[in-house]
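Chemist: Dropping the sequence and predicted coords here.
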Amino acid sequence: MSEDAIIPTPLATQVSWSERDASVPQVVGLPAVDNGEGCPQPLAWKQVRSEFLKQSQEFHFAIDGLSLSGRVMGEGTPLYFLNGISASSTLFCLTAWLLREEFRCVILDYPSEAQTFDQLVKAFDITATRLGDEQFDLYATSFGSAVALLAMHSYPQRIQRAVLQGPLISMQFTFAERVALGMLGWLPGPIQRLPFRNTVLQNNHRLWFPPFDITRWEFLLRETGVVPIRDVARRAKMLRTFDISSSLTTLATPSLIISCEGEAARHRDAARLLGERLPHAEVEELSNSGHVPFVTHPHRLVKLIRPFLHPEQPAENCSLR
């Protein structure tokens, strides 16, 4: 989840509900992939989540004072997922479900003990080594993109291709945001207990959710609400000193930068700069989508990810727009 889930920021643009197709019925069943005969039906997230939890393998281990955990699902090229600042690994289940026949999806949960980006990057590297992946592809969103960029700098030989969606390359907090972050670290319980949290999420993200399934909003609230407040505060504080802008031209990993129409300006500006400065970058825009397309529009997101990671495969028929 984005840092916008904690600190209210205005949306970059707005799209009214009338601009979307509200006539699509909610679907029962578990469509795996588009069959090439047109756009696939929307995923029934409750059933997908249930099957994801049944079929994926959970891992846990501790090393160097860090408790590492996550889930693995699918077969094929290893594809590692790095999530946002307050998300659990289950939030990626819809996208992982669509990719499971081509990729072994490894979705990490950040260790709660980590207090620096160096520790998060180390945890990422240790996990890949423990799971036997010398090389792998990477999909990262928001806060996870900061971890990904630092990993691309520290372990360029390991990451073959990287997809960065809603990225961050630096962060500047206002005085009010710094005060809020200072208070967060002292509060007990999960992030869902924060006052006005749902209002902040509503203001930043609700507009971009599909009208054919209003329960998917509940999915986002649930999956981003279980992380302890202290962990979210600790990660947010890491961003106060994060700035990788001066090193971008040295990152040689082929990268796909995905910018969504409804993301905050800080993410869209970062996507533009990455497209300009990374030596081997492609940039794609998702229209009519907000900051969590892996929840709201997983089919459209996969239609960008799949050909980039597997360029030898033919493009799919369903329009991205």
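Modeler: Okay, I see it. Numbering: from 1, shown residues only.
Chemist: which residues touch stretch 68-80?
Modeler: 52, 55-62, 89-90, 96-97, 99-109, 111, 123-124, 126-128, 130-131, 133, 135-139, 309-310 (C-beta atoms under 8 Å, 6 or more residues apart in numbering). (C-beta placed from N, C-alpha, C; glycine too.)
Chemist: what about burial for those, which qualify?
Modeler: 52, 56, 59, 89-90, 96-97, 99-100, 102-109, 111, 123-124, 126-128, 131, 133, 136-139, 309 (16 or more other C-beta atoms under 10 Å).
Chemist: now, which of those lie within helices?
Modeler: Using DSSP state H, 52, 96-97, 99, 123-124, 126-128, 309 are the members of those that sit in helices.
Chemist: Show me the two of the residues you listed that sit farthest apart.
Modeler: Spatial extent of these (C-beta to C-beta) is set by the pair Trp97 and Ile126 at 26.6 Å.
Chemist: where's Ser69 relative to Gln135, distance?
Modeler: According to C-beta to C-beta, to the nearest Å, Ser69 and Gln135 sit 22 Å apart.
Chemist: Now tell me which helix or strand of this structure has the poorest mean pLDDT.
Modeler: helix 175-184 (a mean of 74; mean pLDDT, DSSP states H and E).
Chemist: In contact with Phe294, which residues are there?
Modeler: By C-beta under 8 Å, 6+ apart, the contact list for Phe294 reads 91-92, 94-95, 141, 165, 301.
Chemist: Look up the pLDDT of it for me, please.
Modeler: We have a pLDDT of 96 for Phe294.
Chemist: Spatially, which residue comes closest to it, not counting chain neighbours?
Modeler: Nearest non-adjacent residue to Phe294, counting by C-beta to C-beta, 6 or more residues apart in numbering: Thr95, 4.3 Å away.
Chemist: Pretty sure that neighbour sits against Leu301.
Modeler: Yes. With contact defined as C-beta atoms under 8 Å, Thr95 reaches Leu301; the gap is 6.1 Å.
Chemist: now the helix or strand hosting Leu150: how far from the chain's centre is it?
Modeler: Using DSSP states H and E, Leu150 sits within helix 143-154. Taking C-alpha atoms, centre = their mean, to the nearest Å, the mean C-alpha location of helix 143-154 is offset from the chain mean by 13 Å.
Chemist: any idea of the mean pLDDT in whichever helix or strand comes after that helix?
Modeler: The C-terminal neighbour of helix 143-154 among helices and strands, as given by DSSP H and E, is strand 159-165. In this model, strand 159-165 carries a mean pLDDT of 98.
Chemist: Buried ones in strand 159-165, by neighbour count?
Modeler: By 16+ other C-beta under 10 Å, the buried positions in strand 159-165 come out as 159, 161-165.
Chemist: Now tabulate these in CSV and tack on distance to Leu194.
Modeler: Converted to CSV, the buried residues of strand 159-165 look like this (distance: C-beta to C-beta, whole Å):
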residue, distance to Leu194
Ile159, 34
Arg161, 36
Ala162, 31
Val163, 30
Leu164, 27
Gln165, 25
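Chemist: Is the residue nearest the centre of the chain bridged to anything, and to what?
Modeler: In the chain, the residue lying closest to the centroid (C-alpha atoms, centre = their mean) is Thr141, at 3.3 Å. Using DSSP bridges, the beta-bridge partners of Thr141 come out as Gln165.
Chemist: Wait, it touches Gln165, no?
Modeler: Yes. If you go by C-beta under 8 Å, Thr141 and Gln165 touch, sitting 4.7 Å apart.
Chemist: Pull the number of nearby residues for Thr116.
Modeler: 12 (other C-beta atoms under 10 Å).
Chemist: Does the nearest residue to it once chain neighbours are set aside lie in a helix or a strand, and which?
Modeler: Of all residues not flanking Thr116 in the chain, Met238 sits nearest, at 6.4 Å (C-beta to C-beta, 6+ apart). Using DSSP H and E, Met238 sits within helix 229-239.
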